[in-house]
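Undergrad: Got a sequence here, can you build the structure:
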Amino acid sequence: METGVQRWAVNVGMWSPSEAQFSGFVGLLPIAERPLVLRYVKFEDKKKALVSRLLQRKLVHSLLDVEYGDIVIERTREGKPYLANQIDCCEMPNFNFNVSHQGNFVVLASEPLCIVGVDVMTHQPVREELPVAFFEPFKNCYTDFEWNMVMSAGPKSVALFDQFYRYRLWCLKEAYIKAIGIGLGFDLLRAEFFHPSGNIWSDVARVRIDCEEKEDWIFCLHKLDDDHWACVAKGAPEDAVESYRKTLQRISFDSTSLRAAVEAPEKQFRILEVGDLVPHNYKMDLENSC
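TA: Numbers count the residues shown, from 1 in each chain. Model prediction:
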């Protein structure tokens, strides 16, 4: 079995299945989940919804050796997915994962001890310079410190776009919200992000919640390609909302163990293809059906 720390990404923009092939992949999901994929109008959205669910099943199968047909993934009332199967694994007491999709990518991050959240952001390449005033409507989403960080990227809109999206700020905030499992309703101004190195282009960030630095949280940014950035947030299980906390086996850890998990070197994203998400025996059945 693989380690509980995983970072996976699939470029669905590179996947062009036939109608029969797509239907075959949808058929790998439990009957109850299939309408949740097919409800989307745009085919690109259907692909992302499908790959998101297949990624989760691939993860559980690879890490915990649970057969695809036996995997039960449910959601908290706030919408965070979790493994509902009763698995006793002392090496991964808080096995949890999170998924995100935007643009061409669907991404997944998992952790064995810390709670984890992931968000992916994209923007189209900027071909014309836009005035700084373009960004003003978003100002109320950020603290004064964060807004100054965005503006410090420089007067060129290309740099501002990169800092605005890669900054992460939005990506960082989304990853934190998803990590604690709160869903909607979190005041974004409570969370203020900063780079310990002082370099706004650093790929590591920290957070202050209600003006207090959270030393047991870390945020790592990953460049997937020129137009896509992913942020992984990981931190203390005790910060999870109640409904999500109930899905974890262990909430409290000594400071040394927690710090070691938080400060562990960040794993880079592994780029997978859609075919990689299907076990060998299922793949043969899928090929025969298509």
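
Undergrad: OK, contacts around the residue nearest the centre of the chain?
TA: Nearest to the mean C-alpha position of the chain, by Cα atoms, centre = their mean, lies residue 118 at 2.1 Å. By Cβ atoms under 8 Å, 6 or more residues apart in numbering, the residues touching residue 118 are 98-100, 107-109, 175, 178, 230-233. All C-beta spots, glycine's among them, are computed from the backbone N, C-alpha and C.

Undergrad: Can you identify the element that follows the helix or strand containing it toward the C-terminus?
TA: Applying DSSP states H and E as the criterion places residue 118 in strand 115-122. Of the helices and strands lying after strand 115-122 in sequence (DSSP H and E), the nearest is helix 144-151.

Undergrad: how about low-confidence regions in the stretch 101-250 of the chain?
TA: Within the stretch 101-250 of the chain, the stretches with pLDDT under 70 are 124-135, 137, 153-168.

Undergrad: Let me know how buried residue 184 is, in neighbour terms.
TA: Neighbours of residue 184 under the rule other Cβ atoms under 10 Å: 7.

Undergrad: That one: what secondary structure?
TA: coil (DSSP: H, G, I helix; E, B strand; the rest coil).

Undergrad: contacting residues for it?
TA: Counting by Cβ under 8 Å, 6+ apart, residue 184 touches residue 78.

Undergrad: Ramachandran coordinates for it?
TA: Phi and psi for residue 184, reported as degrees, to the nearest 10, are phi -80, psi 160.

Undergrad: Could you measure from it over to residue 177?
TA: Distance, residue 184 to residue 177, by Cβ to Cβ, to the nearest Å: 9 Å.

Undergrad: related to what we said a few turns ago, report the distance from the strand holding residue 118 to the chain centre.
TA: Centre-to-centre, strand 115-122 and its host chain are 3 Å apart (Cα atoms, centre = their mean, to the nearest Å).

Undergrad: Could you give the number of residues near the closest residue to residue 271 other than its chain neighbours?
TA: Excluding the flanking residues, the one nearest residue 271 by Cβ to Cβ, 6 or more residues apart in numbering is residue 9, at 5.5 Å. Residue 9: 26 surrounding residues under other Cβ under 10 Å.
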